[in-house]
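Peer 1: Below are the sequence and a predicted model; questions follow.
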Amino acid sequence: MTKRTQLALATAVVAALALGASGCSDPKKGANSGPSAANPAAANDGKTLGGTPVKGGTLTVLSNQDFAHLDPARNWVLPTIDFGTRLLYRTLVTFKAEPGKGGSELVPDLATDLGTPSNGGRTWTFTLKEGVKYEDGSPIKAQDIKYNVERSFAPDLTGGPDYAAQYLAGTEGYKGPLDGKHLDSVKTPDDRTIVFELKRPVAEFSQTATLPTFAPVPQSQEKGTQYDARPFSSGPYKIETYDRDKKLVLVRNEHWDPKTDTVRKAYPDRFVVVMGLKGGQIDDRIIAGEGADASTVEFANMRPESAAKVLPKPEVKARLLAESQGCTVMLHLNNSRAPFNDPKVREAMQYAVDKEAVITAGGGPALNEAATAYLPPALTGGKQADTLKIPASGDPAKAKELLKAAGKEHLKVSLAVSTGDKGKAEALQQGLARAGVEVVIDTVDPGAYYDVIGDLSTTPDMTYTGWCPDYPSGSTWLPFVFDGRTIKDKGNQGNYAQFRDEATMKRIDEINAMADAKQANQAWIDLDAEIMKKAPSIPVLLERKPLLVGPNIAGAYGHPVWTGTVDYGSIGLKDPSKSQG
């Protein structure tokens, strides 16, 4: 397929979602959860809250957690991707800073354009803009982007996007540049030119270049795993102080030139991230919106129990962003060991889960709906498939029947969840108990959650997490979640079920080789249905992204590509003189 064809498809899908049943910014939203008067959480969809910001002041971000990784080679969790790429570092390409369907448009960032394909789409060339600089005033070079791409292969720098490993030619056995070895498939003929040689045609490579992997890191700044604590800024802000798990302070990078950057507005003088707060405490402070809290936003989702304090009050609801996320949240079953190495047991689990109870625990139908397939509506034409037609409340009698047939009438299994999902975990626990499945819940600090479940030596029987497309293509979804070749001992991302199925892997390769975007899109949908029958994971919810902002916040909207998270490149204050911090 041509680049134009793929981008047209992606834009058309996202535009359809913005207007139809499943809004384009909801990674976990389903067919009936689009903006409507019936859903009070959808009132601000596609809107910018608070008007245009005034330059200056301090914007405070209240968070229950530290960042998983700020190192661009390791940053693959939202909203950290949004925070990092809008404030601290730039990428070759990025997404437009707009709410609604406009935010899905690709625009050049460090590069002068969206890249030039050649060799039938196997070679991509980017040219860097003139005058782009780091926080010390030194020039950003093509070699620095090559170096960060190479860093993404380092075994110690886990957690980041796998696209370089999947797409670049000649990477087998490569372990990164820390031992002095470099990739021949990434060439830098001069300081402003970078060329990527791919193992197969990738029509949407411009979209791949939006990821933090394609941000610059100069080799002179390499600190290994310690780079997380002090990324070298190529964006509008730099780190002044970072006290892990407590506070991060960003100040302006005086060498960032807005003439080279059409995306980031950089309104506040400072960003202060206060960490380690309880979710309910954060909600209550922003709902009240008094003093310094008037100039705050929340990093993680509003707690489900806070919905009753927000939705009935027009003046507070007007400060709630609740864009659809466009992701699917799943209960991943560890297929690598008993009991879930038995397909019959996995099938039983599909019937045992009570999704309605999880919806209630997640704040009710205004903020969630039941998922019926893996691929989110954003990748299936606005409506999620329903292959198995299991009631949202489950079918415990059928689950018991299947477990009995498998000789596993009574199971005891472990479930790991992020602390903020404890209520949903308890709803899963109660639902599964109806079928004779005893669940032991282990709550993990949000900042460490993905490291824990991504380490095969510590991953439990079940994990609860979502997957969102990095851009509107099925190639960013099923291969990462269900291709057994992506599984890693440490830093495992996506395939938390450890699903290894030869037929699935063969079909993934066949679809990736398709030249027609429409044909490939339908093939991903068909493959979704086939994997559902093998039940490696259970789709549970399609969620909105509920985020409260203070009354002094302006320019706030949920970005449609980054799962409805606040676009930190556009947000600011109505009156900077009222801010503190």
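Peer 2: Now that the structure is in, tell me what you want to look at. As the structure is a computational prediction, the values presented were derived from the model and not from experiment.
Peer 1: Now find how far off-centre stretch 438-446 is within its chain.
Peer 2: Mean-position distance between stretch 438-446 and its chain equals 22 Å (C-alpha atoms, centre = their mean, to the nearest Å).
Peer 1: so where is the chain shaky, pLDDT-wise?
Peer 2: 1-38, 581 (pLDDT under 70).
Peer 1: okay, which residue is most central for it?
Peer 2: Leu78 (4.1 Å; C-alpha atoms, centre = their mean).
Peer 1: ok, for that residue, nearest residue in space, not its chain neighbours?
Peer 2: Thr563 (5.0 Å; C-beta to C-beta, 6 or more residues apart in numbering). Placement of C-beta: from N, CA and C, glycine included.
Peer 1: Tell me the first helix or strand C-terminal of the lengthiest strand in the chain.
Peer 2: When the chain is parsed with DSSP state E, its longest strand is strand 537-548. If you walk from strand 537-548 toward the C-terminus, the next helix or strand you reach (DSSP states H and E) is strand 553-554.
Peer 1: List the neighbouring strands of that following strand plus their orientation.
Peer 2: Using DSSP bridges, the strands paired with strand 553-554 are strand 572-573 (antiparallel).
Peer 1: Surely Asp283 forms part of a helix?
Peer 2: Yes - the assignment for Asp283 (DSSP: H, G, I helix; E, B strand; the rest coil) places it in a helix.
Peer 1: Excluding chain neighbours, what is closest to it?
Peer 2: Ser306 (4.0 Å).
Peer 1: Surely that neighbour and Gln281 touch.
Peer 2: No - the criterion here is C-beta atoms under 8 Å, and Ser306 misses it with Gln281 at 10.5 Å.
Peer 1: So for those two, which residue has more residues nearby?
Peer 2: Per other C-beta atoms under 10 Å, whichever of Ser306 and Gln281 has more neighbours is Ser306, with 22 against 12.
Peer 1: Identify the residues contacting that one.
Peer 2: 280, 283-284, 287, 548 (C-beta atoms under 8 Å, 6 or more residues apart in numbering).
Peer 1: now, among those, which is nearest to Thr58?
Peer 2: Leu548 (18.2 Å; C-beta to C-beta).
Peer 1: Now the terminal residues of stretch 242-254, how far apart.
Peer 2: 19 Å (C-alpha to C-alpha, to the nearest Å).
Peer 1: Please spell out which residues along it are buried.
Peer 2: 242, 247-253 (16 or more other C-beta atoms under 10 Å).
Peer 1: which two from the residues you listed end up farthest apart in space?
Peer 2: So, the buried residues of stretch 242-254 by C-beta to C-beta: farthest apart are Lys247 and Asn253, at 19.0 Å.
Peer 1: Val413 is in what secondary structure piece?
Peer 2: Using DSSP H and E, Val413 maps to strand 411-418.
Peer 1: hey, C-alpha coordinates of the helix or strand following that strand in PDB?
Peer 2: Next helix or strand after strand 411-418 toward the C-terminus (DSSP H and E): helix 422-433. This file holds the C-alpha atoms of helix 422-433, laid out as PDB (Å, rounded to 0.1, in the frame of the first residue of the first chain):
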ATOM      1  CA  LYS A 422      -8.200  -2.800  43.200                       C
ATOM      2  CA  GLY A 423     -12.000  -2.200  43.000                       C
ATOM      3  CA  LYS A 424     -12.200  -3.700  39.500                       C
ATOM      4  CA  ALA A 425     -10.000  -6.600  40.700                       C
ATOM      5  CA  GLU A 426     -12.400  -7.300  43.500                       C
ATOM      6  CA  ALA A 427     -15.300  -7.300  41.000                       C
ATOM      7  CA  LEU A 428     -13.400  -9.800  38.900                       C
ATOM      8  CA  GLN A 429     -12.800 -11.900  42.000                       C
ATOM      9  CA  GLN A 430     -16.400 -12.000  43.000                       C
ATOM     10  CA  GLY A 431     -17.600 -12.800  39.500                       C
ATOM     11  CA  LEU A 432     -15.100 -15.700  39.100                       C
ATOM     12  CA  ALA A 433     -16.000 -17.100  42.500                       C
END
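Peer 1: circling back to that earlier point, can you spell out which helices and strands pack onto the strand holding Val413?
Peer 2: helix 422-433, strand 437-444, helix 446-453, strand 462-467 (3 or more C-beta pairs under 8 Å, 6 or more residues apart in numbering; DSSP states H and E).
Peer 1: Tell me which of these sits nearest to Ala203.
Peer 2: strand 462-467 (21.8 Å).
Peer 1: List the buried residues in the helix or strand that the closest one is followed by.
Peer 2: Counting by DSSP H and E, the element after strand 462-467 in chain order, helix or strand, is helix 478-482. Across helix 478-482, burial judged by 16+ other C-beta under 10 Å covers 478-482.
Peer 1: Is Ser234 in a helix, a strand, or coil?
Peer 2: Under three-state DSSP, Ser234 falls in the coil class.
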